[in-house]
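>>> Sequence and computational prediction follow.
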Protein chains: 2
Amino acid sequence: MALKLAAVATVQSTSFEAVAVRENFEQNVRLIKELGYDGVELAVRNPAQVDADAIASAIADCKLQVPAIGTGQAYLEEGLSFADPDPGVRRGAVQRIKEHVVFAKRFDAQVIIGLIRGTCQNRDERNEALDRVRECLTECASYGGQHGVQLVLEPLNRYETTLLNNFEQTAEFLDRIKAENVGILADSFHMNIEEPSMAESLLYAGNRITHVHVSDSNREAPGHGHINFRAFVETLAQIGYDGFYSAEIVPEPDGKTAIADAIQHMRSL
Amino acid sequence: MALKLAAVATVQSTSFEAVAVRENFEQNVRLIKELGYDGVELAVRNPAQVDADAIASAIADCKLQVPAIGTGQAYLEEGLSFADPDPGVRRGAVQRIKEHVVFAKRFDAQVIIGLIRGTCQNRDERNEALDRVRECLTECASYGGQHGVQLVLEPLNRYETTLLNNFEQTAEFLDRIKAENVGILADSFHMNIEEPSMAESLLYAGNRITHVHVSDSNREAPGHGHINFRAFVETLAQIGYDGFYSAEIVPEPDGKTAIADAIQHMRSL
């Protein structure tokens, strides 16, 4: 199958582990192009602190698309989150995502809502936390709608957050927002832990899936673990998914090998 | 196959999530027996604070075996660990495991070394942390040897510790201890995340595997997720494993249903 493939590159230094290529953005974009990728997913902590013109120029030079912008660094490194009980923190998170929307618009990219939603350790407070996430996401979705930008909510495994781990929880959560510009992100690594059946979950979510992350069961390049990616892409084809497959993977054995292995495996399907 | 099956029961209240039955120990032991299990794995924080006679009596009344003692609560609730830079904390952890050895001897059970080994967030300090774990484990293994008690080291997924996530790391770590009474614990939930191929890892570890935990890909009862337990037990049979399969699972949809579903699935293989 002629899949559209992307690799994640960070434009700022990050403590997030699942980014194979981490240093020297322009060089990494060229490497991603040379390996045969069609796009680059950008991991950005704060759009206000990056040189958007230089980023756009490097990407245009390589004729790459930007399917999505990852935003989790703002949570990991600054603690911004939609679930935080402190209204000031939530305002900061919403403001940051609005800046991501403006940044994403330039690339016609989706804005990923992953770790930025936050978490809630206390089981008894989770519904309240989800209400806060819903309020923040509703505001961001509305802002995205005004700018013609799609958001995509990523179910994350239980160790990364207690809020929205699987497709069913995420779909039901989104049903109560009714924003047409918020999709679901299917990430194979998280799905391997949280979805009882990857195929059934993909069929369940159907055309709500607007972006896909591929990493194997051990978060390495597809082919390094035991996920059946042929079955995965066949099921996505069956539900009419025609977006990007973006390799969000750890740099094992090293970043360059990881993204080379990822595209080799995905092209072999 | 006539598998020997056990379910985990905690003898003290715990914050550890993967214990399906949590309250009223004697009632839970009877339930485990009535459901057809052959054994009960005991989760114990501190053997000095439990009534060992009452526990032994409840288990003897039900004619159940005790394949293993889980020790992770001492880490979760008291912070005891082999990896801790503080020698006082390490001494406390070693002392606690020695008490577990004496407790386990009474039941002819293995002592599980799981979370009690601790963790190390700083990548640059991991080798030193592993050296500390090795020193503590060597002392505990020697003590176990004197009492004729087997220890079993459990590879845990990356989110629970940074130290010893997969079989290969664990086998190489144990090679440097050369204690004949320390085996490897094969836990299907952790393996689904960390082992590139569950079958190959089982074949690699071979007769070093002395205990097995079964929980599905989502840590629920076998049958609730996507792990192929038939293939799992067939591979273990192939390497001559004849020990217990112990259900260490979360109480979903509730504890009783979870352990009933677990034995039903395992008996159907």
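Received the coordinates, thanks.
>>> How about the residues of chain A by chain B?
A:157, A:159-160, A:192-198, A:216-218, A:224-226 (Cβ under 8 Å from any Cβ of the partner chain). Yep, even glycine has a C-beta here, placed from its N, CA and C like the rest.
>>> Please work out which residue of the stretch 101-250 of chain A is closest to chain B.
Closest residue of the stretch 101-250 of chain A to chain B, Cβ to the nearest Cβ: residue A:159 (3.6 Å).
>>> what's the distance between that residue and residue B:217?
Using Cβ to Cβ, to the nearest Å, one gets 14 Å for the distance from residue A:159 to residue B:217.
>>> Quick check: helices, which of the residues of chain A next to chain B are part of them?
Among the residues of chain A next to chain B, the members found in helices (DSSP state H) are A:192, A:193, A:194, A:198.
>>> re the thing from before, would you mind telling me which of residue A:159 and residue B:217 has the busier surroundings?
residue B:217 (24 against 14; other Cβ atoms under 10 Å in any protein chain shown).
>>> Tell me which helix or strand the nearest residue to residue A:118 once chain neighbours are set aside sits in.
In space, residue A:118 comes closest to residue A:81 once its chain neighbours are excluded; the distance is 2.8 Å by Cβ to Cβ, 6 or more residues apart in numbering or on different chains. Here residue A:81, judged by DSSP states H and E, is contained in no helix and no strand.
>>> how near is residue A:81 to residue A:116?
6 Å.
>>> These two: who's more crowded?
residue A:116 (29 against 26).
>>> The more buried one contacts residue A:84, correct?
No. Using Cβ atoms under 8 Å, residue A:116 makes no contact with residue A:84, being 10.5 Å away.
>>> shared neighbours of the two, which are they?
residue A:93 (Cβ atoms under 8 Å, 6 or more residues apart in numbering or on different chains).
>>> residue ranges for the strands of chain A, please.
For chain A, the strands defined by DSSP state E occupy A:4-10, A:39-43, A:68-70, A:110-113, A:151-153, A:182-187, A:209-214, A:244-247.
>>> The nearest residue to residue A:109 once chain neighbours are set aside: what's it in contact with?
With sequence-adjacent residues excluded and distances taken as Cβ to Cβ, 6+ apart, residue A:109 is closest to residue A:66, at 4.4 Å. Neighbouring residues of residue A:66 by Cβ under 8 Å, 6+ apart: A:39, A:40, A:41, A:42, A:59, A:104, A:107, A:108, A:109.
>>> cool, and residue A:210?
Residue A:210 sits in contact with A:110, A:150, A:152, A:183, A:184, A:185, A:243, where contact means Cβ under 8 Å, 6+ apart.
>>> What score does it have for pLDDT?
Per-residue pLDDT puts residue A:210 at 98.
>>> What of the one 5 residues further on?
Turning to residue A:215, the model gives it a pLDDT of 98.
>>> Next one: residue A:27 from chain B, what distance?
24 Å (Cβ to the nearest Cβ, to the nearest Å).
>>> Show the contacting residues for that residue.
So residue A:27 contacts nothing (Cβ under 8 Å, 6+ apart).
>>> Starting from residue A:7, give me the distance back to it.
Distance from residue A:27 to residue A:7, by Cβ to Cβ: 13 Å.
>>> Could you point out which residue ranges in chain A have low pLDDT?
A:1, A:13-18, A:20-23 (pLDDT under 70).
>>> residue farthest from the centroid of it?
Distance from the C-alpha centroid of chain A, by Cα atoms, centre = their mean, peaks at residue A:124 (28.2 Å).
>>> need the contacts of residue A:210 in JSON lines with neighbour count, can you?
As requested, the contacts of residue A:210 are exported to JSON lines (neighbours: other Cβ atoms under 10 Å in any protein chain shown):
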{"residue": "A:110", "neighbour count": "26"}
{"residue": "A:150", "neighbour count": "20"}
{"residue": "A:152", "neighbour count": "24"}
{"residue": "A:183", "neighbour count": "21"}
{"residue": "A:184", "neighbour count": "26"}
{"residue": "A:185", "neighbour count": "25"}
{"residue": "A:243", "neighbour count": "20"}
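>>> Dump these to a markdown table, plus distance to residue B:132.
Output for these, formatted as a markdown table (distance: Cβ to Cβ, whole Å):
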| residue | distance to residue B:132 |
| --- | --- |
| A:110 | 45 |
| A:150 | 49 |
| A:152 | 43 |
| A:183 | 47 |
| A:184 | 43 |
| A:185 | 40 |
| A:243 | 47 |
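>>> Just give me the closest of those residues to residue A:33.
The nearest member of the contacts of residue A:210 to residue A:33, counting by Cβ to Cβ, is residue A:243 at 19.3 Å.
>>> isn't that closest one right up against residue A:67?
Yes. The pair residue A:243 and residue A:67 qualifies as a contact (Cβ under 8 Å) at a distance of 6.6 Å.
>>> ranges for the helices of the stretch 51-200 of chain A?
Assigned by DSSP state H, counting those that start in this stretch, the helices in the stretch 51-200 of chain A fall at A:52-61, A:73-78, A:87-107, A:126-147, A:167-175, A:188-194, A:198-205.
>>> Show me what the fourth one is packed against.
Secondary structure elements in contact with helix A:126-147, counted by 3 or more Cβ pairs under 8 Å, 6 or more residues apart in numbering or on different chains; DSSP states H and E, are helix A:87-107, strand A:110-113, strand A:151-153, helix A:167-175, strand A:182-187.
>>> what distance separates it from the centre of its chain?
17 Å (Cα atoms, centre = their mean, to the nearest Å).
>>> Now do that helix against helix A:87-107, angle only.
30 degrees (axes from the mean of the first three to the mean of the last three Cα atoms, to 10 degrees).
>>> Pull out the buried positions in helix A:126-147.
A:129-130, A:132-134, A:136-141, A:143-145 (16 or more other Cβ atoms under 10 Å in any protein chain shown).
>>> Out of those residues, name the two that are farthest from one another.
A:129 and A:145 (24.4 Å).
>>> Could you give the bridge partners of the residue nearest in space to the middle of chain A?
Nearest residue to the geometric centre of chain A (Cα atoms, centre = their mean): residue A:112, 4.7 Å. Residue A:112 forms beta bridges with residue A:152, as assigned by DSSP bridges.
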